[in-house]
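Engineer: Attaching a predicted model along with its sequence, questions to come.
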Amino acid sequence: MTTQHQPVDTGGGTALLAEPSTQDPRPGGTVVAGRSPARMAWRRIRRDKVTLAALVATLLFIAIATLAPVLTAVTGWGPITPDNKAINPDTGNFPYGSLGGISAQHLLGVEPGTGYDLFARVVYGLRTSLYVGFASALLSTAVGVVAGLAAGYFGGWVDSLLSRIMDVMLAFPQLLFIIALTPVIQNALQTNSHGGTDENLRLLVLILNIAGFAWAYTARLVRGQVLSLREREFVDAARLMSAGRRHILFRQLLPNLWAPILISFALAVPQNITTEAALSYLGVGVIPPNPDWGALLSDASQFFLQDPMYLFVPGVLLFLLVLALNLLGDGVRDALDPRARRG
């Protein structure tokens, strides 16, 4: 009889337990085919059609953002290159034709008033959203993992201090404080020669602010896991073998935390993208004419009755991106922790 391995929690990680299989290449024989936790997680993702579709959609969005310069070069219009011939001055500079000026030259139409190509602004705005979302999630996850490891392993005053800081950060109304802090920090920093804040600096401040309020969620999760793991037998065995703190933290505890860390990161990305879009919509994120989906939605809300396509295109794309990332995060959670699978 052929056997295959299934994951079993042993406290020190994920072990593999043999399970009978219907295939039997050798009469009366037993074949053991071990799989790593990563391979088993990928196998579960491939079997989940919703998660697989979300993964394909996410990769498609990333590919479009990466190839934005190539795509706009093919169409011939950049994100801040106006086409004054595409807007009608007699109607308040609204696009010629129907559906927001969609044509062979402008695949998604043009912006009212400016004549900017909407396709170019959408693909470059996607780059901004993904950059801020992934960078802030990566930074908050890294800080949260370090803080959670320290609080959970060392305990005592270190745990008390870090836990109180986490409580304070979690008690803050995140969006309101980011709205208040972002322009203050940006105005306090150096401005460029034109008298305005450099856009790269604005993005950096935005990423730091979002990550600065989000790390406590990951830290609280990691701390709870470490409190449970540090009393397990494999940690006691490492101490008896005179292993140092660095070895225990990074060779014994951290490898057993990758599942919750990846889940936390995957779920943080869409939340941070939504936060960035909301900040840009309110005027404290990316400032026009720099392309950003939140800023596009803010401008488009003024022209909804006259040009609904201007609001429809970035709104639907933002919804699809966040939906794909959320479904992918849920799928990753289910694949890495089958016991938490939704019923």
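Structural biologist: Nice, thanks for sending it over. Residues are numbered from 1 along each chain as shown.

Engineer: hey, where'd the strands end up in this structure?
Structural biologist: Listed in chain order, the strands of the chain (DSSP state E) span 3-9, 14-20, 32-33, 87-88, 94-95.

Engineer: Below-threshold pLDDT in this protein: ranges please.
Structural biologist: 1-36, 90, 92, 186, 188-197, 338-343 (pLDDT under 70).

Engineer: Mind naming the longest helix for this structure?
Structural biologist: In the chain, taking DSSP state H as the definition, the longest helix is helix 118-154.

Engineer: How far away from the center of its chain is that one?
Structural biologist: Centroid separation between helix 118-154 and its chain, computed with C-alpha atoms, centre = their mean, to the nearest Å, is 6 Å.

Engineer: Which elements pack onto it?
Structural biologist: helix 49-66, helix 68-75, helix 156-171, helix 199-229, helix 258-281, helix 293-300, helix 308-336 (3 or more C-beta pairs under 8 Å, 6 or more residues apart in numbering; DSSP states H and E). Every C-beta, even on glycine, is put in place using the N, C-alpha and C of the backbone.

Engineer: Contacts only, for the residue nearest to the spatial centre of the chain.
Structural biologist: Among the residues of the chain, the smallest C-alpha distance to the mean C-alpha position (C-alpha atoms, centre = their mean) belongs to Val269, namely 1.7 Å. When contacts are counted by C-beta atoms under 8 Å, 6 or more residues apart in numbering, Val269 is found next to Gly133, Phe134, Ala137, Leu325, Gly329.

Engineer: please redo it, this time with the cut-off set to 7 Å
Structural biologist: Gly133, Phe134, Ala137, Leu325 (C-beta atoms under 7 Å, 6 or more residues apart in numbering).

Engineer: of the helices and strands packed on helix 118-154, which approaches Gly113 most closely?
Structural biologist: Across the helices and strands packed on helix 118-154, Gly113 has its closest neighbour in helix 293-300 (8.5 Å, C-beta to C-beta).

Engineer: Give me the residues contacting that closest one.
Structural biologist: Taking C-beta under 7 Å, 6+ apart as the criterion, the residues outside helix 293-300 that touch it are 121, 125, 129, 276-281, 285-286, 288, 310-311, 314-315, 318.

Engineer: just to revisit the earlier point, can you say which of the helices and strands packed on helix 118-154 is packed in most?
Structural biologist: Highest mean neighbour count among the helices and strands packed on helix 118-154 (mean count of other C-beta atoms under 10 Å): helix 293-300, with a mean of 23.

Engineer: and that one with helix 308-336, angle?
Structural biologist: Comparing the axes of helix 293-300 and helix 308-336 via axes from the mean of the first three to the mean of the last three C-alpha atoms, to 10 degrees yields an angle of 150 degrees.

Engineer: From Leu176, how far off is Thr182?
Structural biologist: For Thr182, the distance to Leu176 under the criterion C-beta to C-beta, to the nearest Å works out to 11 Å.

Engineer: higher neighbour count, the two?
Structural biologist: Shown here are Thr182 and Leu176; by other C-beta atoms under 10 Å, Thr182 has more neighbours (20 against 9).

Engineer: Pretty sure the more buried one sits against Val205.
Structural biologist: Yes - Thr182 is in contact with Val205 according to C-beta atoms under 7 Å; the separation is 5.9 Å.

Engineer: Against Leu126, how distant is the residue nearest to the centre of the chain?
Structural biologist: Between Val269 and Leu126 the distance, using C-beta to C-beta, works out to 13 Å.

Engineer: Give me the neighbour count for Asn256.
Structural biologist: By other C-beta under 10 Å, 19 other residues sit near Asn256.

Engineer: Just to check, it is in contact with Arg230?
Structural biologist: No - under the criterion of C-beta under 7 Å, Asn256 makes no contact with Arg230, lying 10.6 Å away.

Engineer: returning to that earlier point: which single one of the contacts of Val269 is nearest to Gly115?
Structural biologist: Gly115 lies nearest to Gly133 out of the contacts of Val269, by C-beta to C-beta, at 29.1 Å.

Engineer: Could you find the closest non-adjacent residue to the closest one?
Structural biologist: When the adjacent residues along the chain are set aside, Gly133 lies closest to Ile273, with 3.7 Å between them (C-beta to C-beta, 6 or more residues apart in numbering).
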